[in-house]
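In: Output the structure for:
(one chain, ligands or ions: 1)
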Amino acid sequence: MSRDSDTDDESGAARADDSDESDAEQAVEERVPVLLVRGDREYLIPPGGEQGTDLGVLEVPEDVQPGDTIETHLGDAFQVRRLRGPDLFHQFERTGAPMVPRDIGLVIGETGIARGDRVLDTGTGTGVLAASMARAGASVVTYERDPEFAEVARENMALGGVSDAVDVRTGDLTEELETLEASSFDVLTLDTGDAASIVGHAPELLVEGGFLAVYSPFIESTREVVETAHEADLSNVRTRETIQREMQFDDRGSRPSTAPVGHTGYLTIARNV
Ligand SMILES: C[S@@+](CC[C@H](N)C(=O)[O-])C[C@H]1O[C@@H](n2cnc3c(N)ncnc32)[C@H](O)[C@@H]1O
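Out: Next comes the predicted model:
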């Protein structure tokens, strides 16, 4: 009997489960907003949504698919694209300074955030880091002490299609630490000026082998973070400036860009072992 014609109950049931799962995945996928692009105009709009633009109104059908073309009511065409991680940085409504895609890559790469991980994140700010970690498969609890920022972040999570995976809590994490269960997170990400006051709690919050990632634009707070991480007996404590040099390629030759190199921050990683 060929495998194609194998119709025993077990494999049939497995296929039914698979197809249920892919239907469910598709249903989730269908609720994710899509990007409508024309030149340098970009709009993130959910299926069934509508957006006024300077070229007319865009109406997005419920069954929109990446690759489609949609015209405004005045007849100007926009291409439909799938939302990608770096688009979050450009499309989310901004409150607290969002982390740039390169630094998000470093946080995810250095901590190995993957499907099934539980992450505690603070502060939410715009929510770009939280949404990116959710898109990598983690479930994220994120605290934002400014109620208006928290509300915007919830809207941003909906826009990014990750509301189910990101729990945006309004509150100051330093005041909520005792409400959190011990050893309930795989990764703790901190992007706040007061990160050093939270780092000492990392060993209680993290599972054995879990990671701490602290992002700071300033060297003074980074030093405080490093000292606290050592006092808390975290291991493999190391800090890097997250600098990158842009390259220029032109008719005269190739070299690093002569434009000023933009500093973004220092990333400190430590491990609960
Ligand atoms: C730089 S932003 C975070 C940006 C975020 N990582 C992103 O990618 O969009 C810092 C945010 O942390 C919030 N914040 C600072 N200290 C906090 C604390 N102890 N608990 C909760 N939120 C805090 C601030 O209100 C601010 O919105």
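
In: didn't Leu141 look like it was pressed against Asp117?
Out: One thing to correct before we go on: residue 141 is Val, not Leu. No - applying Cβ atoms under 8 Å, one finds Val141 not in contact with Asp117, separated by 11.7 Å. Placement of C-beta: from N, CA and C, glycine included.

In: Quick check: neighbours shared by those two?
Out: With Cβ atoms under 8 Å, 6 or more residues apart in numbering applied, the contact sets of Val141 and Asp117 do not overlap.

In: residues in the stretch 1-150 of the chain within reach of the ligand, list them.
Out: 95-99, 122-123, 125-129, 143-146, 149 (Cβ under 6 Å from any ligand atom).

In: among the residues you listed, which ones are buried?
Out: 95-96, 98-99, 122-123, 125-129, 143-146, 149 (16 or more other Cβ atoms under 10 Å).

In: Narrow those to those in strands?
Out: Counting by DSSP state E, the part of these found in strands is Thr122, Tyr143, Glu144.

In: As CSV, those with distance to Met247 and pLDDT would be great.
Out: Below are those laid out as CSV (distance: Cβ to Cβ, whole Å; pLDDT from 0 to 100):
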residue, distance to Met247, pLDDT
Thr122, 35, 98
Tyr143, 38, 98
Glu144, 37, 98
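
In: Pick the one among those residues closest to Asp233.
Out: Nearest to Asp233 among these: Thr122, at 21.3 Å, using Cβ to Cβ.

In: where's that closest one relative to Leu35, distance?
Out: From Thr122 over to Leu35 the distance is 29 Å, taken as Cβ to Cβ, to the nearest Å.

In: One more: Asp194?
Out: With Cβ to Cβ as the criterion, Asp194 and Leu35 are 35 Å apart.

In: These two - which one has more neighbours?
Out: Remark: of Asp194 and Leu35, Leu35 carries more neighbours, 19 against 16, as counted by other Cβ atoms under 10 Å.

In: What about Ala259, how many residues nearby?
Out: For Ala259, using other Cβ under 10 Å, the count is 8.

In: Setting aside sequence-adjacent positions, which residue approaches it most closely?
Out: Among residues not flanking Ala259 along the chain, Glu246 sits closest, at 7.3 Å (Cβ to Cβ, 6 or more residues apart in numbering).
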